[in-house]
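In: sequence first, then the predicted structure:
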Amino acid sequence: MARAKRSVREVPWAWAWAGAALGLVLAVILFAPARWLAGAVERLSGEHVLLADARGTVWQGSARVILTGGPGSTDSAALPGRVAWTLHPRFNGVAAALRAECCTPQPIPVRARWRWGGLAVDVGDASSQWPASVTAGLGTPWNTLQFEGDLRLATQGLSVEWVEGRPAIAGRAELVALRVTSRLSTLRPMGSYRITVQGGTPATLRLETLEGSLQLSGTGQWVGERLHFRGEASAAPEREAALSNLLNIIGRRSGVRSLISIG
């Protein structure tokens, strides 16, 4: 009889401890500091994207975004202002809204979905404008080219799914680079350009010149994990001297042209 009474008295304490443990777990999840997310982004990006001075929580916070050349690199460049985020868990992933003080007139919606054997990321239709100078933080060859200008990015139905490490792209993304300059040329600006990524099997990339003395063109496609791109660069006849250094860097010279090959 005494044992039965002790068991009855112990049950409420067991439930109390379980409730306290559950409450602690929920508190840790709900109020997880933003620096935890910063650590995850750093690892997943291979240290190419850093969230510095992270404030708030994993679910709602802000940070300064810094692009770097990766482990061991001394190159880095920060976006002006801060980037804020909100995250909402979903049954199969997470929904997010990202807003950069410098660059996004409206928050950019992003949805990450766990799939069997992979991950899918959907980017809502959005437009934004970014400074080209931040690409210098990515290291070689961007730190040599030192581009400046405005980058305007627009997405339509864009989604990327990774299955066994291989990306499958759907939808469309368009990047317009306006009034581009480089420290390798005295010509300012060199021109304006458009890069279009079109989803499909395979997904394709197209580079074209909108205007300017530096003429760029080329096409590519993703084969497995890698982008295979072939293009060329050339200068207007009266601007060859001003663009010679740049043409020597961005590709293999063949007469007045510079041949660009990736993958």
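Out: Cool, got the structure.

In: what residues of stretch 87-105 count as buried?
Out: By 16 or more other CB atoms under 10 Å, the buried positions in stretch 87-105 come out as L87, G93, A95, A96, A97, L98, R99, A100, C103, T104. In this view, the C-beta of every residue, glycine as well, is placed from N, C-alpha and C.

In: assign A40 to helix, strand or coil.
Out: Here A40 is recorded as helix under DSSP: H, G, I helix; E, B strand; the rest coil.

In: now it: how far from A34?
Out: A40 sits 11 Å away from A34 when distances are taken as CB to CB, to the nearest Å.

In: which of those two has more neighbours?
Out: A34 (20 against 12; other CB atoms under 10 Å).

In: need phi/psi at that one.
Out: Main-chain dihedrals, A34, degrees, to the nearest 10: phi -60, psi -30.

In: I'd assumed R64 was in contact with it.
Out: No. Counting by CB atoms under 8 Å, A34 stays clear of R64, with 11.6 Å between them.

In: joint contacts of the two?
Out: Applying CB atoms under 8 Å, 6 or more residues apart in numbering, one finds that A34 and R64 are jointly contacted by L51.

In: still on that earlier bit, and the buried residues of stretch 87-105 as JSON lines, adding pLDDT and secondary structure?
Out: Putting these into JSON lines (pLDDT from 0 to 100; DSSP: H, G, I helix; E, B strand; the rest coil) gives the following:
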{"residue": "L87", "pLDDT": "92", "secondary structure": "strand"}
{"residue": "G93", "pLDDT": "87", "secondary structure": "strand"}
{"residue": "A95", "pLDDT": "95", "secondary structure": "strand"}
{"residue": "A96", "pLDDT": "95", "secondary structure": "strand"}
{"residue": "A97", "pLDDT": "96", "secondary structure": "strand"}
{"residue": "L98", "pLDDT": "96", "secondary structure": "strand"}
{"residue": "R99", "pLDDT": "96", "secondary structure": "strand"}
{"residue": "A100", "pLDDT": "96", "secondary structure": "strand"}
{"residue": "C103", "pLDDT": "95", "secondary structure": "coil"}
{"residue": "T104", "pLDDT": "95", "secondary structure": "coil"}
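
In: tell me the buried residues in the host helix or strand of D122?
Out: Using DSSP states H and E, D122 maps to strand 118-123. By 16+ other CB under 10 Å, the buried positions in strand 118-123 come out as A120, V121, D122, V123.

In: R253: which of those residues is nearest?
Out: For those, the closest approach to R253 (CB to CB) belongs to V123, at 37.5 Å.

In: so the closest one bridges to which residues?
Out: V123 has these beta-bridge partners by DSSP bridges: V110, L158.

In: what residues are up against it?
Out: Neighbouring residues of V123 by CB under 8 Å, 6+ apart: I108, P109, V110, T155, L158, S159, G171.

In: again, only using 7 Å
Out: Applying CB atoms under 7 Å, 6 or more residues apart in numbering to V123 gives the contacts I108, V110, T155, L158.

In: can you list these in JSON lines and add neighbour count, distance to A132 and pLDDT?
Out: Below are those laid out as JSON lines (neighbours: other CB atoms under 10 Å; distance: CB to CB, whole Å; pLDDT from 0 to 100):
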{"residue": "I108", "neighbour count": "20", "distance to A132": "19", "pLDDT": "96"}
{"residue": "V110", "neighbour count": "18", "distance to A132": "23", "pLDDT": "95"}
{"residue": "T155", "neighbour count": "20", "distance to A132": "18", "pLDDT": "97"}
{"residue": "L158", "neighbour count": "20", "distance to A132": "21", "pLDDT": "96"}
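
In: would you turn the residues you listed into a markdown table with distance to G218?
Out: A markdown table is the format used below for these (distance: CB to CB, whole Å):
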| residue | distance to G218 |
| --- | --- |
| I108 | 28 |
| V110 | 29 |
| T155 | 21 |
| L158 | 21 |
